[in-house]
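**Student:** this is the structure alone, sequence omitted:
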(Lines give C-alpha, C1' and ligand atoms only; values in the text may rest on other atoms or scores of the structure.)
Protein backbone atom coordinates (compact mmCIF):
# COMPACT_ATOMS: atom_id res chain seq x y z
CA UNK A 1 0.00 0.00 0.00
CA UNK A 2 1.50 3.26 -1.09
CA UNK A 3 0.91 6.77 -2.41
CA UNK A 4 1.10 6.90 -6.22
CA UNK A 5 0.01 10.52 -6.70
CA UNK A 6 -0.43 13.71 -4.70
CA UNK A 7 -2.45 16.52 -6.26
CA UNK A 8 -3.64 19.99 -5.24
CA UNK A 9 -5.73 22.77 -6.74
CA UNK A 10 -6.42 26.41 -5.94
CA UNK A 11 -10.16 26.13 -6.72
CA UNK A 12 -12.81 23.58 -5.74
CA UNK A 13 -14.57 21.61 -8.48
CA UNK A 14 -11.56 21.57 -10.80
CA UNK A 15 -8.98 18.91 -11.65
CA UNK A 16 -5.90 19.00 -9.45
CA UNK A 17 -2.24 19.35 -10.46
CA UNK A 18 0.18 16.60 -9.47
CA UNK A 19 3.09 17.36 -7.14
CA UNK A 20 5.92 15.11 -5.96
CA UNK A 21 5.52 16.02 -2.31
CA UNK A 22 3.29 18.05 -0.03
CA UNK A 23 2.80 19.06 3.57
CA UNK A 24 -0.19 17.84 5.55
CA UNK A 25 -1.08 20.19 8.39
CA UNK A 26 -2.97 19.01 11.47
CA UNK A 27 -6.71 19.79 11.35
CA UNK A 28 -6.23 21.59 8.02
CA UNK A 29 -5.24 19.30 5.13
CA UNK A 30 -2.76 19.74 2.29
CA UNK A 31 -1.12 23.15 2.23
CA UNK A 32 -2.09 25.02 -0.94
CA UNK A 33 -5.22 22.96 -1.66
CA UNK A 34 -8.68 24.51 -1.96
CA UNK A 35 -10.32 21.76 0.12
CA UNK A 36 -8.08 22.29 3.14
CA UNK A 37 -9.67 23.89 6.18
CA UNK A 38 -11.29 23.16 9.51
CA UNK A 39 -13.91 20.68 8.33
CA UNK A 40 -14.29 16.92 7.99
CA UNK A 41 -13.23 16.60 4.31
CA UNK A 42 -9.70 18.02 4.52
CA UNK A 43 -8.09 15.35 2.30
CA UNK A 44 -9.55 13.06 -0.37
CA UNK A 45 -8.36 9.60 -1.35
CA UNK A 46 -9.02 7.58 -4.48
CA UNK A 47 -7.62 4.20 -5.46
CA UNK A 48 -5.41 4.05 -8.55
CA UNK A 49 -7.34 0.93 -9.49
CA UNK A 50 -10.56 2.99 -9.77
CA UNK A 51 -8.87 5.64 -11.92
CA UNK A 52 -7.55 2.87 -14.19
CA UNK A 53 -11.04 1.34 -14.43
CA UNK A 54 -12.44 4.71 -15.52
CA UNK A 55 -9.69 4.95 -18.12
CA UNK A 56 -10.45 1.45 -19.42
CA UNK A 57 -14.11 2.44 -19.80
CA UNK A 58 -13.09 5.09 -22.33
CA UNK A 59 -12.51 8.17 -20.18
CA UNK A 60 -9.28 10.02 -20.85
CA UNK A 61 -8.25 10.58 -17.24
CA UNK A 62 -5.14 10.59 -15.10
CA UNK A 63 -4.19 11.36 -11.51
CA UNK A 64 -5.82 14.55 -10.22
CA UNK A 65 -8.57 14.60 -12.84
CA UNK A 66 -11.22 13.54 -10.31
CA UNK A 67 -9.98 16.17 -7.81
CA UNK A 68 -8.53 13.55 -5.49
CA UNK A 69 -5.68 14.71 -3.29
CA UNK A 70 -4.03 11.34 -2.85
CA UNK A 71 -4.20 8.37 -5.20
CA UNK A 72 -3.07 5.06 -3.76
CA UNK A 73 -2.47 1.49 -4.74
CA UNK A 74 -3.34 -1.61 -2.75
CA UNK A 75 -6.23 -0.16 -0.69
CA UNK A 76 -9.96 -0.56 -1.30
CA UNK A 77 -10.94 2.66 0.49
CA UNK A 78 -14.68 2.02 0.36
CA UNK A 79 -14.28 -1.12 2.48
CA UNK A 80 -12.71 0.79 5.37
CA UNK A 81 -15.17 2.09 7.96
CA UNK A 82 -15.44 5.71 9.01
CA UNK A 83 -13.05 6.19 11.92
CA UNK A 84 -10.26 4.11 10.37
CA UNK A 85 -6.89 5.76 10.92
CA UNK A 86 -4.02 5.60 8.42
CA UNK A 87 -0.39 6.65 8.52
CA UNK A 88 1.14 8.24 5.43
CA UNK A 89 4.91 8.30 5.17
CA UNK A 90 6.91 8.63 8.36
CA UNK A 91 4.62 10.80 10.46
CA UNK A 92 1.29 11.96 9.03
CA UNK A 93 -1.84 10.37 10.46
CA UNK A 94 -5.37 10.79 9.15
CA UNK A 95 -8.81 9.53 10.09
CA UNK A 96 -11.49 8.59 7.57
CA UNK A 97 -14.53 10.81 8.09
CA UNK A 98 -16.71 10.17 5.04
CA UNK A 99 -17.12 7.58 2.30
CA UNK A 100 -18.43 8.98 -0.97
CA UNK A 101 -20.23 12.29 -1.32
CA UNK A 102 -23.23 13.93 -2.89
CA UNK A 103 -22.60 16.19 -5.86
CA UNK A 104 -25.25 18.90 -6.00
CA UNK A 105 -24.21 20.12 -9.45
CA UNK A 106 -22.05 18.93 -12.30
CA UNK A 107 -18.61 20.51 -12.02
CA UNK A 108 -15.72 20.98 -14.44
CA UNK A 109 -14.48 17.48 -13.59
CA UNK A 110 -17.71 15.87 -14.76
CA UNK A 111 -17.71 17.81 -18.02
CA UNK A 112 -14.02 17.13 -18.71
CA UNK A 113 -14.07 13.41 -17.83
CA UNK A 114 -17.65 12.60 -18.81
CA UNK A 115 -18.30 11.19 -15.34
CA UNK A 116 -16.95 11.75 -11.85
CA UNK A 117 -16.19 8.70 -9.73
CA UNK A 118 -15.43 10.64 -6.53
CA UNK A 119 -19.04 10.56 -5.30
CA UNK A 120 -19.01 6.74 -5.55
CA UNK A 121 -15.36 5.83 -4.93
CA UNK A 122 -13.78 8.71 -3.03
CA UNK A 123 -13.01 8.70 0.67
CA UNK A 124 -12.41 11.76 2.81
CA UNK A 125 -10.32 12.28 5.93
CA UNK A 126 -9.16 14.79 8.49
CA UNK A 127 -5.53 15.23 9.49
CA UNK A 128 -4.75 14.10 13.05
CA UNK A 129 -0.97 14.53 12.82
CA UNK A 130 0.71 16.60 10.14
CA UNK A 131 3.85 15.81 8.20
CA UNK A 132 5.50 15.79 4.81
CA UNK A 133 4.39 13.16 2.31
CA UNK A 134 5.89 12.08 -1.00
CA UNK A 135 4.84 9.98 -3.95
CA UNK A 136 6.01 6.44 -3.16
CA UNK A 137 5.51 6.77 0.60
CA UNK A 138 3.99 3.74 2.33
CA UNK A 139 0.50 3.75 3.81
CA UNK A 140 -0.16 1.82 7.01
CA UNK A 141 -3.60 1.01 8.39
CA UNK A 142 -3.47 1.73 12.12
CA UNK A 143 -5.18 -0.36 14.79
CA UNK A 144 -8.37 1.05 16.31
CA UNK A 145 -7.90 3.44 19.20
CA UNK A 146 -8.00 2.02 22.69
CA UNK A 147 -10.75 3.09 25.08
CA UNK A 148 -8.36 5.52 26.78
CA UNK A 149 -7.59 7.13 23.41
CA UNK A 150 -4.18 7.78 21.97
CA UNK A 151 -4.13 11.30 20.64
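**Tutor:** Cool, the structure landed. As the structure is a computational prediction, the values presented were derived from the model and not from experiment.
**Student:** point out where this protein drops to low pLDDT.
**Tutor:** The model of the chain has pLDDT under 70 over residues 101-119, 146-151.
**Student:** which residues of the chain fall in strands?
**Tutor:** 2-8, 17-19, 21-25, 29-30, 43-47, 70-73, 85-88, 92-99, 123-129, 131-134, 139-141 (DSSP state E).
**Student:** any idea of the angle the longest helix seen in the chain forms with strand 2-8?
**Tutor:** For the chain, the helix with the greatest residue count under DSSP state H is helix 48-56. Here helix 48-56 runs at an angle of 70 degrees relative to strand 2-8 (axes from the mean of the first three to the mean of the last three C-alpha atoms, to 10 degrees).
**Student:** from the contact counts, what lies against helix 48-56?
**Tutor:** Contacting helix 48-56 under the criterion 3 or more C-beta pairs under 8 Å, 6 or more residues apart in numbering; DSSP states H and E are the following elements: strand 70-73. C-beta: built from backbone N, CA, C; applies to glycine.
**Student:** what sits up against the strand it packs on?
**Tutor:** Residues from elsewhere that reach strand 70-73, judged by C-beta atoms under 8 Å, 6 or more residues apart in numbering: 1-7, 43-49, 51, 63-64, 88, 133, 139.
**Student:** redo that, cut-off 10 Å
**Tutor:** Here strand 70-73 makes contact (C-beta atoms under 10 Å, 6 or more residues apart in numbering) with 1-7, 18, 22, 24, 30, 43-52, 62-64, 86, 88, 94, 123, 125, 133, 135, 137, 139.
**Student:** direction included, what does it pair up with?
**Tutor:** strand 2-8 (antiparallel), strand 43-47 (parallel) (DSSP bridges).
**Student:** buried residues in it, which are they?
**Tutor:** 70-72 (16 or more other C-beta atoms under 10 Å).
**Student:** so which of the strands of the chain gets nearest residue 37?
**Tutor:** Residue 37 lies closest to strand 29-30 among these, at 6.7 Å (C-beta to C-beta).
**Student:** could you name the helices and strands sitting against the closest one?
**Tutor:** Identification of packing neighbours for strand 29-30 by 3 or more C-beta pairs under 10 Å, 6 or more residues apart in numbering; DSSP states H and E yields strand 2-8, strand 21-25, strand 43-47, strand 123-129.
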